[in-house]
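Visitor: sequence plus predicted model, see below.
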Amino acid sequence: MLLHDLGHVPWLDSQLIYHAQARIGLEALNILAPREPYVCIGFHQQLEEEVDLAYCRERGIPVFRREVGGGAVYLDGRQVFFQLVLSKENPLAQGEKAALYQRLLEPVARAYADLGVPARYRPVNDVITAAGRKISGTGAAEIGACLVLVGNLIADFDYDTMARVLRVPDEKYRDKVFQSMRENLSTLRRETGREYSWAELAAPLVRRFAEVLGPLEPAPVPEAVRAEARALAPRFLAEEWLLKKGRRFPHGREVRIASGVNVLQHVHKSPGGLLRATLVLKEGRLEQVALSGDFFCYPQNSVEELERRLTGAPLERTGEVLEAFYATRVETPGVTVADWLEVLGAKGRS
Amino acid sequence: MKIEPYEFPDDLYYTLEHVWARAEGDLVTIGLSQFGQDLAGRIAYVEVPRAGRAVAKGEPFMSMESGKWVGRVKAPVSGTIAEANEELEWESDAVNKDPYGKGWLARIKASNLAELNELMKPNSPEFAAHIAAERAKYKK
(Lines give C-alpha, C1' and ligand atoms only; values in the text may rest on other atoms or scores of the structure.)
Protein backbone atom coordinates (compact mmCIF):
# COMPACT_ATOMS: atom_id res chain seq x y z
CA MET A 1 0.00 0.00 0.00
CA LEU A 2 1.16 3.52 -0.75
CA LEU A 3 2.38 5.68 2.11
CA HIS A 4 2.29 9.45 1.72
CA ASP A 5 4.21 11.02 4.60
CA LEU A 6 3.67 14.61 3.58
CA GLY A 7 4.50 16.72 6.61
CA HIS A 8 2.68 20.06 6.70
CA VAL A 9 0.54 20.71 3.62
CA PRO A 10 -1.84 23.52 2.55
CA TRP A 11 -4.97 23.18 4.70
CA LEU A 12 -7.23 22.33 1.76
CA ASP A 13 -4.93 19.49 0.66
CA SER A 14 -5.21 18.02 4.15
CA GLN A 15 -8.85 17.23 3.29
CA LEU A 16 -9.05 16.96 -0.48
CA ILE A 17 -6.31 14.37 -0.96
CA TYR A 18 -8.17 11.58 0.83
CA HIS A 19 -11.50 12.52 -0.75
CA ALA A 20 -9.75 12.26 -4.14
CA GLN A 21 -8.04 8.95 -3.34
CA ALA A 22 -11.36 7.40 -2.28
CA ARG A 23 -13.08 8.58 -5.47
CA ILE A 24 -10.32 7.18 -7.63
CA GLY A 25 -10.25 3.99 -5.58
CA LEU A 26 -6.56 4.22 -4.73
CA GLU A 27 -5.61 2.68 -1.39
CA ALA A 28 -3.14 4.69 0.69
CA LEU A 29 -2.13 5.81 4.14
CA ASN A 30 -1.56 9.56 4.42
CA ILE A 31 0.31 11.09 7.32
CA LEU A 32 0.06 14.87 7.22
CA ALA A 33 -0.85 18.05 9.07
CA PRO A 34 -2.38 21.31 7.89
CA ARG A 35 -0.08 24.27 7.46
CA GLU A 36 -2.88 26.70 8.33
CA PRO A 37 -5.58 26.20 10.98
CA TYR A 38 -9.19 25.62 9.92
CA VAL A 39 -12.54 24.41 11.16
CA CYS A 40 -13.85 21.12 9.84
CA ILE A 41 -17.46 20.02 10.27
CA GLY A 42 -19.00 16.58 9.92
CA PHE A 43 -20.87 15.47 6.81
CA HIS A 44 -24.28 15.62 8.48
CA GLN A 45 -23.89 18.78 10.53
CA GLN A 46 -25.77 22.00 9.95
CA LEU A 47 -23.02 24.62 9.77
CA GLU A 48 -24.95 27.61 11.16
CA GLU A 49 -26.03 25.56 14.18
CA GLU A 50 -22.53 24.36 15.02
CA VAL A 51 -20.01 27.04 14.08
CA ASP A 52 -19.72 30.79 14.65
CA LEU A 53 -19.20 31.47 10.97
CA ALA A 54 -18.95 35.24 11.40
CA TYR A 55 -16.10 34.81 13.88
CA CYS A 56 -14.27 32.39 11.60
CA ARG A 57 -14.60 34.71 8.61
CA GLU A 58 -13.51 37.75 10.61
CA ARG A 59 -10.39 35.85 11.72
CA GLY A 60 -9.73 34.34 8.30
CA ILE A 61 -10.23 30.79 9.58
CA PRO A 62 -11.42 28.61 6.67
CA VAL A 63 -14.36 26.27 7.23
CA PHE A 64 -14.66 22.90 5.49
CA ARG A 65 -17.35 20.22 5.37
CA ARG A 66 -15.85 16.72 5.13
CA GLU A 67 -17.69 13.62 3.92
CA VAL A 68 -16.70 11.85 7.13
CA GLY A 69 -18.97 11.73 10.18
CA GLY A 70 -18.61 13.31 13.61
CA GLY A 71 -18.63 16.89 14.82
CA ALA A 72 -17.03 20.29 14.29
CA VAL A 73 -13.33 20.44 15.12
CA TYR A 74 -10.65 23.08 15.09
CA LEU A 75 -7.64 21.62 13.31
CA ASP A 76 -4.12 22.97 13.17
CA GLY A 77 -0.52 21.95 12.55
CA ARG A 78 -0.10 20.53 16.03
CA GLN A 79 -2.33 17.60 15.12
CA VAL A 80 -0.87 14.87 12.92
CA PHE A 81 -3.59 13.37 10.77
CA PHE A 82 -3.71 9.76 9.65
CA GLN A 83 -6.00 9.11 6.71
CA LEU A 84 -6.46 5.56 5.62
CA VAL A 85 -8.19 4.81 2.33
CA LEU A 86 -9.06 1.14 1.83
CA SER A 87 -10.97 -0.56 -0.94
CA LYS A 88 -14.19 -2.04 0.44
CA GLU A 89 -12.98 -5.30 -1.13
CA ASN A 90 -9.88 -5.29 1.07
CA PRO A 91 -10.38 -7.88 3.86
CA LEU A 92 -9.10 -5.23 6.31
CA ALA A 93 -12.13 -3.07 5.44
CA GLN A 94 -14.60 -5.84 6.10
CA GLY A 95 -16.44 -6.87 9.21
CA GLU A 96 -18.59 -5.14 11.75
CA LYS A 97 -18.01 -1.44 12.40
CA ALA A 98 -16.75 -1.85 15.94
CA ALA A 99 -14.36 -4.63 14.89
CA LEU A 100 -13.11 -2.49 12.04
CA TYR A 101 -12.58 0.55 14.20
CA GLN A 102 -10.74 -1.63 16.70
CA ARG A 103 -8.52 -3.18 14.03
CA LEU A 104 -7.58 0.20 12.61
CA LEU A 105 -7.38 2.27 15.81
CA GLU A 106 -5.29 -0.11 17.88
CA PRO A 107 -2.21 0.91 15.84
CA VAL A 108 -2.92 4.50 16.91
CA ALA A 109 -3.11 3.48 20.59
CA ARG A 110 0.18 1.61 20.18
CA ALA A 111 1.78 4.64 18.51
CA TYR A 112 0.79 6.72 21.53
CA ALA A 113 2.37 4.10 23.80
CA ASP A 114 5.57 4.35 21.73
CA LEU A 115 5.50 8.09 22.36
CA GLY A 116 5.26 7.56 26.10
CA VAL A 117 1.49 7.73 26.60
CA PRO A 118 -0.16 4.43 27.53
CA ALA A 119 -3.36 4.54 25.50
CA ARG A 120 -5.98 2.05 24.47
CA TYR A 121 -8.84 1.62 22.04
CA ARG A 122 -12.31 2.07 23.55
CA PRO A 123 -15.40 1.06 21.58
CA VAL A 124 -16.78 2.31 19.33
CA ASN A 125 -14.24 4.74 17.94
CA ASP A 126 -12.13 6.26 20.69
CA VAL A 127 -8.50 6.14 21.67
CA ILE A 128 -8.16 7.03 25.35
CA THR A 129 -5.43 7.56 27.93
CA ALA A 130 -5.06 5.42 31.06
CA ALA A 131 -7.13 8.08 32.88
CA GLY A 132 -9.91 7.68 30.31
CA ARG A 133 -9.37 10.94 28.44
CA LYS A 134 -9.92 11.00 24.70
CA ILE A 135 -6.64 11.58 22.85
CA SER A 136 -7.59 11.11 19.20
CA GLY A 137 -10.52 12.33 17.13
CA THR A 138 -11.62 9.76 14.57
CA GLY A 139 -14.30 9.20 11.96
CA ALA A 140 -15.12 7.06 8.97
CA ALA A 141 -17.04 7.16 5.74
CA GLU A 142 -17.91 5.09 2.74
CA ILE A 143 -16.81 7.15 -0.26
CA GLY A 144 -17.13 5.61 -3.70
CA ALA A 145 -15.80 2.05 -3.56
CA CYS A 146 -13.64 2.83 -0.55
CA LEU A 147 -13.78 2.99 3.19
CA VAL A 148 -12.02 6.01 4.66
CA LEU A 149 -10.83 6.21 8.26
CA VAL A 150 -9.39 9.50 9.49
CA GLY A 151 -8.05 10.60 12.84
CA ASN A 152 -5.22 12.40 14.56
CA LEU A 153 -2.33 12.23 16.96
CA ILE A 154 -2.78 15.31 19.09
CA ALA A 155 0.59 16.82 19.95
CA ASP A 156 -1.08 19.90 21.38
CA PHE A 157 -4.57 21.38 21.24
CA ASP A 158 -5.90 24.93 21.22
CA TYR A 159 -8.83 24.49 23.61
CA ASP A 160 -9.57 28.23 23.64
CA THR A 161 -9.97 28.58 19.91
CA MET A 162 -11.92 25.32 19.66
CA ALA A 163 -14.42 26.63 22.24
CA ARG A 164 -14.46 30.03 20.51
CA VAL A 165 -15.28 28.85 16.98
CA LEU A 166 -18.37 26.94 18.11
CA ARG A 167 -21.74 28.61 17.95
CA VAL A 168 -23.07 28.69 21.49
CA PRO A 169 -26.23 30.10 23.07
CA ASP A 170 -24.30 32.03 25.75
CA GLU A 171 -20.86 32.43 27.28
CA LYS A 172 -21.75 30.22 30.22
CA TYR A 173 -22.33 27.39 27.79
CA ARG A 174 -19.04 28.12 26.03
CA ASP A 175 -17.26 27.95 29.37
CA LYS A 176 -18.84 24.55 30.05
CA VAL A 177 -17.66 23.29 26.67
CA PHE A 178 -14.15 24.60 27.38
CA GLN A 179 -14.01 23.08 30.87
CA SER A 180 -15.40 19.77 29.68
CA MET A 181 -12.88 19.60 26.85
CA ARG A 182 -10.03 20.32 29.26
CA GLU A 183 -11.26 17.53 31.51
CA ASN A 184 -12.03 14.93 28.89
CA LEU A 185 -9.62 15.52 26.01
CA SER A 186 -5.88 15.23 26.43
CA THR A 187 -2.78 15.75 24.30
CA LEU A 188 0.76 14.43 24.07
CA ARG A 189 2.02 17.66 25.56
CA ARG A 190 -0.27 17.45 28.57
CA GLU A 191 0.57 13.80 29.14
CA THR A 192 4.34 14.00 28.73
CA GLY A 193 5.25 17.70 28.95
CA ARG A 194 7.26 17.17 25.77
CA GLU A 195 7.40 18.61 22.27
CA TYR A 196 7.90 16.16 19.39
CA SER A 197 9.46 16.56 15.97
CA TRP A 198 7.52 15.52 12.87
CA ALA A 199 9.66 12.40 12.46
CA GLU A 200 9.08 11.40 16.07
CA LEU A 201 5.31 11.58 15.56
CA ALA A 202 5.07 10.07 12.09
CA ALA A 203 7.45 7.13 12.61
CA PRO A 204 5.44 5.20 15.25
CA LEU A 205 2.19 5.80 13.35
CA VAL A 206 3.71 4.37 10.16
CA ARG A 207 5.34 1.47 11.98
CA ARG A 208 2.20 0.51 13.90
CA PHE A 209 -0.09 0.82 10.87
CA ALA A 210 2.33 -1.34 8.85
CA GLU A 211 1.86 -4.11 11.43
CA VAL A 212 -1.82 -4.24 10.42
CA LEU A 213 -1.76 -3.05 6.80
CA GLY A 214 1.36 -4.88 5.64
CA PRO A 215 4.35 -3.26 3.91
CA LEU A 216 3.91 0.44 3.17
CA GLU A 217 5.61 1.93 0.14
CA PRO A 218 6.68 5.58 0.62
CA ALA A 219 5.70 7.52 -2.49
CA PRO A 220 4.76 11.01 -3.66
CA VAL A 221 1.03 11.62 -4.17
CA PRO A 222 0.22 10.44 -7.72
CA GLU A 223 -0.63 13.16 -10.22
CA ALA A 224 -4.03 11.55 -10.83
CA VAL A 225 -4.89 12.12 -7.15
CA ARG A 226 -3.65 15.71 -7.26
CA ALA A 227 -5.71 16.34 -10.38
CA GLU A 228 -8.84 14.83 -8.81
CA ALA A 229 -8.28 16.93 -5.67
CA ARG A 230 -8.04 20.10 -7.79
CA ALA A 231 -11.22 19.11 -9.61
CA LEU A 232 -13.03 18.55 -6.30
CA ALA A 233 -12.02 21.89 -4.78
CA PRO A 234 -14.78 24.10 -6.26
CA ARG A 235 -17.53 21.75 -5.06
CA PHE A 236 -16.13 21.48 -1.55
CA LEU A 237 -15.59 25.23 -1.29
CA ALA A 238 -19.04 26.15 -2.61
CA GLU A 239 -21.42 27.86 -0.15
CA GLU A 240 -24.12 25.42 -1.23
CA TRP A 241 -22.04 22.50 0.07
CA LEU A 242 -20.96 24.30 3.24
CA LEU A 243 -24.49 25.38 4.09
CA LYS A 244 -26.08 22.05 3.19
CA LYS A 245 -29.00 21.12 5.41
CA GLY A 246 -27.95 18.90 8.29
CA ARG A 247 -28.79 17.61 11.70
CA ARG A 248 -30.71 20.10 13.84
CA PHE A 249 -31.46 20.11 17.54
CA PRO A 250 -34.95 21.55 18.01
CA HIS A 251 -34.74 21.65 21.82
CA GLY A 252 -31.41 23.42 22.18
CA ARG A 253 -27.71 22.95 21.63
CA GLU A 254 -25.54 19.90 22.00
CA VAL A 255 -21.76 19.53 21.73
CA ARG A 256 -20.19 16.10 21.95
CA ILE A 257 -16.85 16.36 23.73
CA ALA A 258 -15.92 12.67 23.72
CA SER A 259 -17.73 9.38 23.66
CA GLY A 260 -20.36 9.54 26.43
CA VAL A 261 -19.57 13.18 27.29
CA ASN A 262 -21.92 15.89 26.03
CA VAL A 263 -22.51 19.54 26.89
CA LEU A 264 -26.13 20.45 26.31
CA GLN A 265 -28.43 23.38 26.64
CA HIS A 266 -32.13 22.69 26.46
CA VAL A 267 -34.93 25.22 26.53
CA HIS A 268 -38.54 24.39 27.39
CA LYS A 269 -41.57 26.64 27.54
CA SER A 270 -43.69 25.62 30.52
CA PRO A 271 -47.03 27.21 31.52
CA GLY A 272 -45.12 28.93 34.35
CA GLY A 273 -42.43 30.39 32.12
CA LEU A 274 -39.30 29.55 30.16
CA LEU A 275 -36.90 26.95 31.59
CA ARG A 276 -33.29 26.69 30.49
CA ALA A 277 -30.90 23.90 31.53
CA THR A 278 -27.19 23.86 30.75
CA LEU A 279 -25.87 20.39 31.43
CA VAL A 280 -22.73 18.35 31.28
CA LEU A 281 -23.83 14.77 30.77
CA LYS A 282 -21.21 12.08 31.34
CA GLU A 283 -21.99 8.40 30.86
CA GLY A 284 -25.71 9.06 31.42
CA ARG A 285 -25.11 11.05 34.61
CA LEU A 286 -25.72 14.78 35.16
CA GLU A 287 -22.20 15.87 35.98
CA GLN A 288 -23.00 19.59 36.03
CA VAL A 289 -26.36 21.32 36.12
CA ALA A 290 -27.15 25.02 35.71
CA LEU A 291 -30.83 26.02 35.65
CA SER A 292 -32.30 29.38 34.76
CA GLY A 293 -35.38 30.91 33.17
CA ASP A 294 -38.17 33.36 33.88
CA PHE A 295 -40.34 31.22 36.16
CA PHE A 296 -41.29 32.04 39.72
CA CYS A 297 -40.12 29.90 42.62
CA TYR A 298 -40.40 29.96 46.36
CA PRO A 299 -38.27 29.92 48.47
CA GLN A 300 -35.94 31.99 46.32
CA ASN A 301 -32.85 29.82 46.65
CA SER A 302 -34.76 26.67 45.59
CA VAL A 303 -33.20 26.62 42.12
CA GLU A 304 -29.71 26.35 43.59
CA GLU A 305 -31.01 23.55 45.82
CA LEU A 306 -32.47 21.73 42.82
CA GLU A 307 -29.17 22.09 40.92
CA ARG A 308 -27.35 20.64 43.90
CA ARG A 309 -29.75 17.69 44.15
CA LEU A 310 -29.61 16.93 40.43
CA THR A 311 -25.82 17.12 40.15
CA GLY A 312 -24.42 13.59 39.97
CA ALA A 313 -27.83 11.98 39.40
CA PRO A 314 -28.21 9.42 36.62
CA LEU A 315 -30.69 10.68 34.03
CA GLU A 316 -33.05 7.80 34.83
CA ARG A 317 -33.23 8.89 38.47
CA THR A 318 -34.06 12.57 37.90
CA GLY A 319 -37.80 11.89 38.34
CA GLU A 320 -37.19 10.62 41.87
CA VAL A 321 -34.90 13.57 42.66
CA LEU A 322 -37.57 16.01 41.48
CA GLU A 323 -40.33 14.32 43.47
CA ALA A 324 -38.19 14.50 46.60
CA PHE A 325 -37.41 18.16 45.87
CA TYR A 326 -41.09 19.10 45.57
CA ALA A 327 -41.83 17.18 48.79
CA THR A 328 -39.89 19.93 50.60
CA ARG A 329 -42.79 22.39 50.04
CA VAL A 330 -41.10 24.23 47.20
CA GLU A 331 -43.49 26.15 44.95
CA THR A 332 -42.97 26.78 41.22
CA PRO A 333 -46.39 27.82 39.86
CA GLY A 334 -46.98 26.45 36.37
CA VAL A 335 -43.77 24.42 36.39
CA THR A 336 -44.14 20.72 37.14
CA VAL A 337 -41.90 17.68 37.41
CA ALA A 338 -42.82 16.87 33.81
CA ASP A 339 -41.51 20.28 32.66
CA TRP A 340 -38.20 19.71 34.40
CA LEU A 341 -37.90 16.24 32.91
CA GLU A 342 -38.48 17.81 29.51
CA VAL A 343 -35.79 20.46 29.88
CA LEU A 344 -33.34 17.97 31.39
CA GLY A 345 -33.82 15.68 28.41
CA ALA A 346 -34.98 12.98 30.82
CA LYS A 347 -38.54 12.63 29.55
CA GLY A 348 -39.26 8.99 28.86
CA ARG A 349 -35.99 8.00 30.53
CA SER A 350 -36.91 8.67 34.11
CA MET B 1 -39.05 -15.83 6.60
CA LYS B 2 -37.13 -15.95 9.86
CA ILE B 3 -33.40 -16.53 9.94
CA GLU B 4 -32.89 -16.37 13.70
CA PRO B 5 -32.89 -13.79 15.13
CA TYR B 6 -33.71 -11.77 12.01
CA GLU B 7 -37.07 -11.36 10.33
CA PHE B 8 -37.29 -10.98 6.53
CA PRO B 9 -40.91 -10.43 5.43
CA ASP B 10 -41.73 -12.70 2.50
CA ASP B 11 -43.47 -10.04 0.43
CA LEU B 12 -40.35 -7.88 0.14
CA TYR B 13 -37.42 -7.87 -2.26
CA TYR B 14 -33.87 -7.52 -0.88
CA THR B 15 -30.57 -6.18 -2.22
CA LEU B 16 -27.13 -7.58 -1.44
CA GLU B 17 -26.60 -4.50 0.77
CA HIS B 18 -29.64 -5.31 2.94
CA VAL B 19 -32.07 -2.79 1.56
CA TRP B 20 -35.66 -4.03 1.28
CA ALA B 21 -38.13 -2.94 -1.40
CA ARG B 22 -41.93 -3.22 -1.54
CA ALA B 23 -43.80 -2.46 -4.77
CA GLU B 24 -47.29 -0.94 -4.84
CA GLY B 25 -47.99 -0.13 -8.47
CA ASP B 26 -44.92 1.71 -9.69
CA LEU B 27 -44.19 3.11 -6.22
CA VAL B 28 -41.40 1.23 -4.48
CA THR B 29 -41.00 1.78 -0.74
CA ILE B 30 -37.56 0.99 0.59
CA GLY B 31 -35.82 0.55 3.95
CA LEU B 32 -33.00 -1.25 5.72
CA SER B 33 -33.69 -4.87 6.64
CA GLN B 34 -33.57 -5.91 10.26
CA PHE B 35 -30.18 -7.47 9.54
CA GLY B 36 -29.04 -4.30 7.75
CA GLN B 37 -29.93 -2.04 10.66
CA ASP B 38 -28.15 -4.41 13.04
CA LEU B 39 -25.00 -4.12 10.93
CA ALA B 40 -25.34 -0.34 10.81
CA GLY B 41 -25.59 0.01 14.60
CA ARG B 42 -27.58 2.73 16.34
CA ILE B 43 -28.40 5.29 13.69
CA ALA B 44 -27.71 8.83 14.93
CA TYR B 45 -28.85 10.70 11.83
CA VAL B 46 -30.49 10.01 8.49
CA GLU B 47 -30.10 12.44 5.61
CA VAL B 48 -33.21 11.89 3.56
CA PRO B 49 -33.28 12.70 -0.17
CA ARG B 50 -35.45 15.47 -1.57
CA ALA B 51 -38.53 14.54 -3.54
CA GLY B 52 -38.09 14.67 -7.30
CA ARG B 53 -34.46 13.61 -7.24
CA ALA B 54 -33.51 11.03 -9.87
CA VAL B 55 -31.89 7.85 -8.59
CA ALA B 56 -30.16 5.03 -10.44
CA LYS B 57 -30.22 1.39 -9.40
CA GLY B 58 -27.08 0.50 -7.44
CA GLU B 59 -26.02 4.14 -6.92
CA PRO B 60 -25.86 5.74 -3.47
CA PHE B 61 -28.54 8.40 -3.00
CA MET B 62 -28.85 8.94 0.74
CA SER B 63 -26.71 8.61 3.83
CA MET B 64 -26.90 7.81 7.50
CA GLU B 65 -24.50 8.15 10.39
CA SER B 66 -23.71 5.94 13.35
CA GLY B 67 -20.62 6.10 15.57
CA LYS B 68 -19.18 8.94 13.44
CA TRP B 69 -19.38 6.58 10.46
CA VAL B 70 -21.11 7.87 7.34
CA GLY B 71 -22.73 5.03 5.41
CA ARG B 72 -24.49 5.29 2.05
CA VAL B 73 -27.70 3.68 0.89
CA LYS B 74 -27.87 2.47 -2.71
CA ALA B 75 -31.08 2.60 -4.67
CA PRO B 76 -32.59 -0.85 -5.32
CA VAL B 77 -34.39 0.44 -8.43
CA SER B 78 -34.06 3.42 -10.77
CA GLY B 79 -36.57 6.23 -10.84
CA THR B 80 -37.33 9.44 -8.97
CA ILE B 81 -37.89 10.03 -5.28
CA ALA B 82 -41.64 10.37 -4.76
CA GLU B 83 -41.44 10.82 -1.01
CA ALA B 84 -38.88 10.54 1.76
CA ASN B 85 -39.50 9.67 5.39
CA GLU B 86 -38.89 13.16 6.81
CA GLU B 87 -39.68 11.90 10.33
CA LEU B 88 -36.30 10.15 10.36
CA GLU B 89 -34.51 13.49 10.57
CA TRP B 90 -35.88 13.78 14.09
CA GLU B 91 -36.33 10.12 15.02
CA SER B 92 -33.56 8.30 13.24
CA ASP B 93 -33.75 5.35 15.63
CA ALA B 94 -37.01 4.28 13.97
CA VAL B 95 -34.68 2.60 11.44
CA ASN B 96 -33.38 0.44 14.28
CA LYS B 97 -36.64 -0.03 16.17
CA ASP B 98 -39.07 -0.60 13.32
CA PRO B 99 -37.10 -1.23 10.12
CA TYR B 100 -40.07 -2.54 8.12
CA GLY B 101 -42.56 0.01 9.45
CA LYS B 102 -41.89 3.53 10.78
CA GLY B 103 -38.25 3.21 9.78
CA TRP B 104 -38.94 3.17 6.02
CA LEU B 105 -36.51 5.42 4.13
CA ALA B 106 -38.06 6.58 0.88
CA ARG B 107 -40.54 5.88 -1.90
CA ILE B 108 -39.20 5.71 -5.43
CA LYS B 109 -41.39 6.11 -8.48
CA ALA B 110 -39.77 3.32 -10.46
CA SER B 111 -38.91 3.87 -14.09
CA ASN B 112 -38.47 0.16 -14.75
CA LEU B 113 -40.26 -2.22 -12.38
CA ALA B 114 -38.54 -5.19 -14.01
CA GLU B 115 -35.43 -4.19 -12.03
CA LEU B 116 -37.16 -5.66 -8.98
CA ASN B 117 -36.71 -9.11 -10.49
CA GLU B 118 -32.96 -8.65 -10.17
CA LEU B 119 -33.35 -8.43 -6.38
CA MET B 120 -33.62 -11.41 -4.02
CA LYS B 121 -36.72 -12.93 -2.46
CA PRO B 122 -36.26 -14.32 1.07
CA ASN B 123 -37.43 -17.82 0.20
CA SER B 124 -34.75 -18.27 -2.46
CA PRO B 125 -31.64 -20.42 -1.80
CA GLU B 126 -29.56 -17.49 -3.09
CA PHE B 127 -30.90 -15.26 -0.29
CA ALA B 128 -30.26 -17.83 2.45
CA ALA B 129 -26.70 -18.33 1.17
CA HIS B 130 -26.08 -14.57 1.05
CA ILE B 131 -27.30 -13.99 4.61
CA ALA B 132 -25.24 -16.96 5.85
CA ALA B 133 -22.13 -15.53 4.15
CA GLU B 134 -22.80 -12.05 5.53
CA ARG B 135 -23.30 -13.37 9.06
CA ALA B 136 -19.98 -15.18 8.83
CA LYS B 137 -18.29 -12.06 7.44
CA TYR B 138 -19.68 -9.76 10.11
CA LYS B 139 -19.68 -12.37 12.90
CA LYS B 140 -23.43 -11.89 13.45
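Guide: Nice, I can see it. Predicted model only: the values in this text are computed from it and were never measured.

Visitor: every contact and neighbour count from this point should use C-alpha atoms.
Guide: Fine.

Visitor: show me what contacts A:His44?
Guide: Applying C-alpha atoms under 8 Å, 6 or more residues apart in numbering or on different chains to A:His44 gives the contacts A:Gly69, A:Gly70, A:Lys245, A:Gly246, A:Arg247, B:Tyr45, B:Glu47, B:Glu65.

Visitor: quick one: name the residues of the stretch 151-300 of chain A near chain B.
Guide: Taking C-alpha under 8 Å from any C-alpha of the partner chain as the measure of proximity, the stretch 151-300 of chain A contacts chain B at A:Gly246, A:Arg247.

Visitor: could you pull out the strands for the stretch 151-300 of chain A?
Guide: Under the criterion DSSP state E, counting those that start in this stretch, strands of the stretch 151-300 of chain A are mapped to A:217-218, A:252-258, A:261-270, A:273-282, A:285-293.

Visitor: mind giving me the packing neighbours of the third one?
Guide: It refers to strand A:261-270. If contacts are counted by 3 or more C-alpha pairs under 8 Å, 6 or more residues apart in numbering or on different chains; DSSP states H and E, strand A:261-270 sits against helix A:171-184, strand A:252-258, strand A:273-282, helix A:337-343.

Visitor: partner strands of that strand and their direction?
Guide: strand A:252-258 (antiparallel), strand A:273-282 (antiparallel) (DSSP bridges).

Visitor: can you pull the contacts of A:Val148?
Guide: A:Tyr18, A:Ala22, A:Val68, A:Gln83, A:Leu84, A:Val85, A:Leu86, A:Ala140, A:Ala141, A:Glu142.

Visitor: rewinding a little: quick one: buried ones out of the contacts of A:His44?
Guide: The neighbour count (16 or more other C-alpha atoms under 10 Å in any protein chain shown) marks A:Gly69, A:Gly70, A:Gly246, A:Arg247, B:Tyr45, B:Glu47, B:Glu65 as buried among those.

Visitor: want to throw the residues you listed into JSON lines with distance to A:Leu188, pLDDT and secondary structure?
Guide: As requested, the buried ones among the contacts of A:His44 are exported to JSON lines (distance: C-alpha to C-alpha, whole Å; pLDDT from 0 to 100; DSSP: H, G, I helix; E, B strand; the rest coil):
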{"residue": "A:Gly69", "distance to A:Leu188": "24", "pLDDT": "95", "secondary structure": "coil"}
{"residue": "A:Gly70", "distance to A:Leu188": "22", "pLDDT": "94", "secondary structure": "coil"}
{"residue": "A:Gly246", "distance to A:Leu188": "33", "pLDDT": "92", "secondary structure": "coil"}
{"residue": "A:Arg247", "distance to A:Leu188": "32", "pLDDT": "90", "secondary structure": "strand"}
{"residue": "B:Tyr45", "distance to A:Leu188": "32", "pLDDT": "95", "secondary structure": "strand"}
{"residue": "B:Glu47", "distance to A:Leu188": "36", "pLDDT": "95", "secondary structure": "strand"}
{"residue": "B:Glu65", "distance to A:Leu188": "29", "pLDDT": "96", "secondary structure": "strand"}
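
Visitor: can you name the two of those residues that sit furthest apart?
Guide: Largest separation among these by C-alpha to C-alpha: A:Gly70 and B:Glu47, giving 14.0 Å.

Visitor: how about the residues of chain B near chain A?
Guide: Checking chain B against chain A by C-alpha under 8 Å from any C-alpha, the hits are B:39-40, B:45, B:47, B:65, B:67-72, B:89, B:137-139.

Visitor: ok, those residues vs A:Thr311, which is closest?
Guide: B:Gly67 (27.4 Å).

Visitor: low-confidence stretches in chain A?
Guide: A:350 (pLDDT under 70).

Visitor: break it into its domains for me.
Guide: Following automatic domain parsing, one finds the domains of chain A at A:2-242, A:254-344.

Visitor: what's the span of the longest one from first residue to last?
Guide: Using C-alpha to C-alpha, to the nearest Å, one end of domain A:2-242 lies 31 Å from the other.
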